[in-house]
Each structure stands twice: as structure tokens, then as C-alpha cells.
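*Asks:* Got a sequence here, can you build the structure:
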Amino acid sequence: MRVPDQACCPNKDCEDYGKVNAGNIAYRGRYGKNKDKILFYCRTCGKRFAATHGTPLFASHLPKETIHGIIHHISSGESLRSTSRLIGVPKATVKLTIDKLEIFCLDHLKVITETLELEEEHMDMLWLFLKRLKEIKRSRRTSGGASENGGGSQSD
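*Replies:* Next comes the predicted model:
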């Protein structure tokens, strides 16, 4: 869940629109049937908004665990139909969740590429690098932190 320091005002007319950690976002309270949703507000313009605003979780009536399950199964190569069966939700719900995630990812990817001034080839190389880095970290964890030469220091 986001905290006020990670959120930004979603009001395009606000002078602090899109500014993260500008000191204008404050905790407003909780809302929802079980009071499980967090509400923020902007001190600059007074707009209230959900902590999940601008994320794939916003305006979803699904539990967070269900959304995570959908994302996990789809990213693992499952089809919409099999994900629907495994999670226990209609296929249309899986499709809607994936569509919201796609829009979210494309928006953030656009910001990253524009901010860093990267071309598509550079993004591909960056993804490959991050994937290799993740695999290296995973192999170190599974091998108990041993180094490439077998884990022990060799002395002659």
C-alpha cells in the first residue's frame, strides 16, 4: 500500500499534479465496507483520492490476493480461461484486470523511456540485464551465498 510520500495529486489542475514527495499529500482516513481502503488528500487543491488511484487495484472489487493471483498465473503463461478456473473468477474479470495492468505498465514505461531518453533497443538490453541480475541473485540464495569458485577461499 502506498504511503503519502509515494503518492501524488491526480488532479491535473493542481499546481502539484504528479509531484511525488512534495509534502502536499496527507492521510485523510479509511473508507469502504470494511474500512480497509486508505484515503489521501492534497493540501494544495483539496482533492481527496484513494491510495490505489492510478494503479491496477483502483476501483476493483476483487481482493488484492486475487489480483496478485491473476497477474501471477498470466505472467507464468496461463491462458485467460485456465487462470479464470484456477482463481475462481469469470474470464471477463481476468481480461479486465489484465487490460488495466497493461494500461498501467504502458503508461509507466512511457514515463521511464521519456525520462531516461531510452530507445526500444536500450530498454530491451536493460530488461535482459535486470533478468540476468535477478537470476544471479537467485542462484546465490539457492547455493547458500557461495561464490563462483566453489564458495571457499583457495590457498596455495
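*Asks:* Go through the lengthiest helix in the chain and flag the buried ones.
*Replies:* Scanning the chain for the helix with the most residues, using DSSP state H, yields helix 91-116. Applying a neighbour-count criterion of 16 or more other C-beta atoms under 10 Å, one finds Thr93, Val94, Leu96, Thr97, Ile98, Lys100, Leu101 buried in helix 91-116. No exception for glycine: its C-beta is placed from N, CA and C like everyone else's.
*Asks:* From Leu133, how far out is the residue most central in space within the chain?
*Replies:* Centroid-nearest residue in the chain, with C-alpha atoms, centre = their mean: Thr55, separated by 7.4 Å. Noted for Thr55: a distance of 25 Å to Leu133, by C-beta to C-beta, to the nearest Å.
*Asks:* what is the orientation angle of the helix or strand hosting Glu121 with helix 91-116?
*Replies:* Per DSSP states H and E: Glu121 is located in helix 120-142. Relative orientation of helix 120-142 versus helix 91-116 (axes from the mean of the first three to the mean of the last three C-alpha atoms, to 10 degrees): 110 degrees.
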